[in-house]
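>>> Sequence first, predicted coordinates after that:
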Amino acid sequence: MEIENQTNTVLTSSLSNLQTSNPKIGIWHESIPNQCKKNELQFENYCNDYIKYITKKNITRAFFLIQDPFFCPYVKQNWVITYWLDKLPSNCEAGFVLDTEPDSPWNGSPNPWTTIGGTNDMMELAFQEVVRLNSLATSKKATCIGFDTENLYVGGVNDTGYSTKDGSSWITKMFETYLPGIPVDWGWASGRIGGDPNFDIGGARYPELYWVGETSSACNIAKGGDACSSAQNGTDYCTSLNDVNKLLAGPIGKALTSFSESNQNQQGWAMFSVEKWTKSSTFSGECVASSNTDLVDAPDMIPKVHYTIVSTGTTDFTLCGASSNVPGTEFTATTSIDGTGQVIKSSICGLLDAFGIWDESTFDTFLATVQKNYSNVPNVMIYEWNFIPQGWI
């Protein structure tokens with residue numbers, strides 16, 4: 001997601017040398033490799049690596065994506081409890097990122113989505129599912145909730161669906177209703193560096209500070225990919241490779257200053273991406289997702305995701321965004337579709353070169369430097385588990 005224009009709030013960089021108290025590192029999770037949804041052993045291995053990384057990095061807040069259990073075995077069959085929630089370290093808060101897209105209503109909720117708070121409202125169904133999952137957990141409960149702002153729009157239009165003032169109020173009501181006794185703790189992953197009192201009312205927020213500076217004209221037009229690759233030096237992460245001070249002297253540092261000034265209550269978590277642009281017809285294991293992903297069946301495609309056709313089978317991919325049915329054709333899915341055709345994601349480890357191209361130790365230094373030098377940024381969030389380089393686990 002692109003960071004909104006901050007020209008009126010981004011000031012010259014002014015670093016504080018004060019050490020923040022109780023700094024925390026979190027990790028986000030809002031997608032899952034196709035086969036991990038369906039295969040229990042693969043899901044278990046996927047979670048084992050996740051827990052290993054959380055423990056290694058002393059992560060203090062970790063999220064896991066929760067999708068409609070009707071279509072999602074790892075939720076319906078409680079694998080997410082057995083292999084993840086109940087395995088988290090005692091010092092790590094557990095959170096769920098709820099996949100409540102109005103354009104893809106949950107089973108049992110109105111389809112098409114109509115309004116906030118109606119009968120069988122999808123958001124309410126999602127919170128009911130959180131309660132169900134928490135009731136089964138033995139050692140840990142999910143106490144914080146996250147959303148991706150863009151995924152709550154209707155038809156991709158800003159300020160629609162649940163991504164509205166009324167939507168924020170409704171989510172808060174659902175939290176208070178279904179998680180009583182727990183301090184309200186939900187927030188958006190969004191481009192709002194400075195926050196918005198109409199939207200950011202959930203006690204937490206997750207500004208995407210990683211999409212700053214690298215949004216060159218070419219990168220904006222391409223929406224990621226080759227135009228943002230290391231080969232073309234399209235991102236600040238490339239031109240400042242493994243140089244923390246150089247990176248912080250540029251747009252990302254200015255964005256951090258703006259965020260710090262707006263984060264006096266320290267409820268915000270500065271989010272940084274470990275994406276790496278890779279594109280291949282084979283899976284090289286460069287990141288968690290590419291190590292766990294195999295072919296995606298046409299009915300399992302996700303709208304707005306870039307795919308490459310591997311085999312056509314009985315599927316007509318031209319009905320869901322492809323220009324042809326020829327294997328090798330790249331396209332952005334407009335919907336899932338029936339048939340026996342299969343695809344792979346065109347890019348598995350991200351849409352741009354971000355911290356995934358850095359050394360692990362230097363990325364760790366970057367996070368520690370941010371927490372130390374920006375007075376109101378004690379909390380940082382890694383985006384996201386699926387993009388963690390395999391060599392970092």
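Yes, it's here. Numbers count the residues shown, from 1 in each chain.

>>> immediately after the lowest-mean-pLDDT helix or strand in the chain, which helix or strand?
The least trusted helix or strand in the chain, going by mean pLDDT, DSSP states H and E, turns out to be helix 217-222, with a mean of 59. The first helix or strand that comes after helix 217-222 along the chain, using DSSP states H and E, is helix 236-239.

>>> name the helices or strands packed onto that following helix?
Contact here means 3 or more CB pairs under 8 Å, 6 or more residues apart in numbering; DSSP states H and E; on that basis helix 236-239 packs against helix 244-248. In short, each C-beta sits where N, CA and C put it, glycine included.

>>> average pLDDT across stretch 151-168?
Across stretch 151-168, pLDDT averages out at 91.

>>> Sorry, slip of the keys, the one I care about is stretch 44-52.
97.

>>> Report pLDDT for residue 287.
On the pLDDT scale, residue 287 gets 90.

>>> show me the residues around the closest residue to it other than its chain neighbours that make contact.
For residue 287, ignoring the flanking residues on the chain, the nearest one in space by CB to CB, 6 or more residues apart in numbering is residue 349 at 3.9 Å. Applying CB atoms under 8 Å, 6 or more residues apart in numbering, we find residue 349 in contact with 275-278, 286-287, 289-290, 356, 386-387, 389.

>>> again, but for residue 324
By CB under 8 Å, 6+ apart, the contact set of residue 324 is 317-318.

>>> Pretty sure it sits in a strand.
No. With DSSP: H, G, I helix; E, B strand; the rest coil as the criterion, residue 324 is coil rather than part of a strand.

>>> Kindly provide the distance from it to residue 384.
32 Å (CB to CB, to the nearest Å).

>>> Residue 115 now?
31 Å.

>>> So which of the two has more stuff around it?
Using other CB atoms under 10 Å, the more surrounded residue of residue 115 and residue 384 is residue 384, with 23 against 10.

>>> my read: the more buried one touches residue 50, true?
No. Assessed by CB atoms under 8 Å, residue 384 is found out of contact with residue 50, at 10.7 Å.

>>> what do these two both touch?
residue 29.

>>> So residue 71: helix, strand or coil?
coil.

>>> so what's it up against?
residue 107.

>>> I figured residue 272 hits residue 384, correct?
No. Counting by CB under 8 Å, residue 272 stays clear of residue 384, with 10.3 Å between them.

>>> Would you quantify the distance from residue 325 to residue 334?
Applying CB to CB, the value for residue 325 to residue 334 is 15 Å.

>>> If you count surrounding residues, which of those two has more?
With neighbours defined as other CB under 10 Å, residue 325 and residue 334 compare such that residue 325 has more, 16 against 13.

>>> How about that one: what's its closest non-neighbour residue?
Using CB to CB, 6+ apart, the closest residue to residue 325 is residue 312 (4.6 Å).

>>> now the one you found: how far from residue 332?
From residue 312 over to residue 332 (counting by CB to CB), the distance is 18 Å.

>>> where does residue 96 land in three-state SS?
Quick answer, by three-state DSSP: residue 96 is strand.

>>> do you know how far it is from residue 362?
On the measure of CB to CB, residue 96 and residue 362 end up 31 Å apart.

>>> When the two are compared, which one has more neighbours?
Between residue 96 and residue 362, residue 96 has the larger neighbour count (other CB under 10 Å), namely 26 against 14.

>>> measure the nearest residue to residue 264 once chain neighbours are set aside to residue 258 for me?
Excluding its sequence neighbours, the residue lying closest to residue 264 (CB to CB, 6+ apart) is residue 376, at 5.9 Å. To residue 258, residue 376 is 11 Å away according to CB to CB.

>>> what's next to stretch 85-99, contact-wise?
By CB under 8 Å, 6+ apart, stretch 85-99 touches 28-30, 47-48, 51, 54-55, 58-68, 123, 126-127, 130, 133, 137-148, 151, 185.

>>> Rebuild the contacts of residue 349 as a markdown table, extending it with secondary structure and distance to residue 343.
Listed next are the contacts of residue 349 as a markdown table, based on DSSP: H, G, I helix; E, B strand; the rest coil; distance: CB to CB, whole Å:
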| residue | secondary structure | distance to residue 343 |
| --- | --- | --- |
| 275 | coil | 20 |
| 276 | coil | 21 |
| 277 | coil | 19 |
| 278 | coil | 16 |
| 286 | coil | 19 |
| 287 | strand | 19 |
| 289 | helix | 15 |
| 290 | helix | 15 |
| 356 | helix | 23 |
| 386 | helix | 18 |
| 387 | helix | 20 |
| 389 | strand | 24 |
